[in-house]
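Q: What shape does this take:
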Amino acid sequence: MAATIGEQLRFAREERGISLREISDQTRISVRYLELIETNDYKRLPGGIFNRSFVKAYARSVGYDEKAAVEGYTLYMREKGEGDEASSTPYHSKVYTDATATRSPVLTVVLAIVILAILTAVALVVLNWAQKG
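A: Next up is the predicted model:
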């Protein structure tokens, strides 16, 4: 049976004589998370893109091919039937608009002219009243 990506990363780390603490200091990933990666216990990691990023950073710090590490992680997750949240969940952006934003520009211009006309009329009435008083 082929070694899992977690085992391969552990072997690469041990070959180079690097401690988990050194990797943690370099990657800013907690030692606990690194241990979980080595034991393939991905359910206890934050999930999604974080898991992929952690595996990639770990691989980089031990001189392992980052792309192969991420592919190994994805393959492992598929084999376990858990799927990789980051690659299996498509992103759907949603644009929220209010109904008034769909108004015609002509209507907006007409409303602006009407409001200006009302303001002008009010200003003329006030000025006329001030001159009489």
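Q: Show me where the chain has its helices.
A: 5-16, 20-27, 31-38, 48-61, 66-79, 85-88, 105-132 (DSSP state H).
Q: Quick check: mean pLDDT of the last one?
A: To tie it back to what came earlier, the one meant is helix 105-132. For helix 105-132, the mean per-residue pLDDT is 94.
Q: Next, give phi and psi for residue 65.
A: Backbone torsions for residue 65, taken as degrees, to the nearest 10, come to phi -60, psi 120.
Q: pLDDT weak spots in the chain?
A: Filtered on pLDDT under 70, the chain yields the residue ranges 1-2, 83-103, 133.
Q: Show me the residue at the heart of it, geometrically.
A: For the chain, the residue nearest the mean C-alpha position is residue 49 (7.7 Å; Cα atoms, centre = their mean).
Q: Against residue 73, how distant is that one?
A: 12 Å (Cβ to Cβ, to the nearest Å). To be clear about C-beta, it is placed using only N, CA and C from the backbone, and glycine gets the same treatment.
Q: now do residue 114
A: Distance of residue 114 to residue 73, given as Cβ to Cβ: 63 Å.
Q: Between these two, which is the more surrounded one?
A: Remark: of residue 114 and residue 73, residue 73 carries more neighbours, 26 against 10, as counted by other Cβ atoms under 10 Å.
Q: need the contact list for the nearest residue to that one once chain neighbours are set aside.
A: Distances taken as Cβ to Cβ, 6 or more residues apart in numbering place residue 55 nearest to residue 73, at 4.6 Å, with adjacent residues excluded. Neighbouring residues of residue 55 by Cβ atoms under 8 Å, 6 or more residues apart in numbering: 5, 9, 37, 69-70, 72-73.
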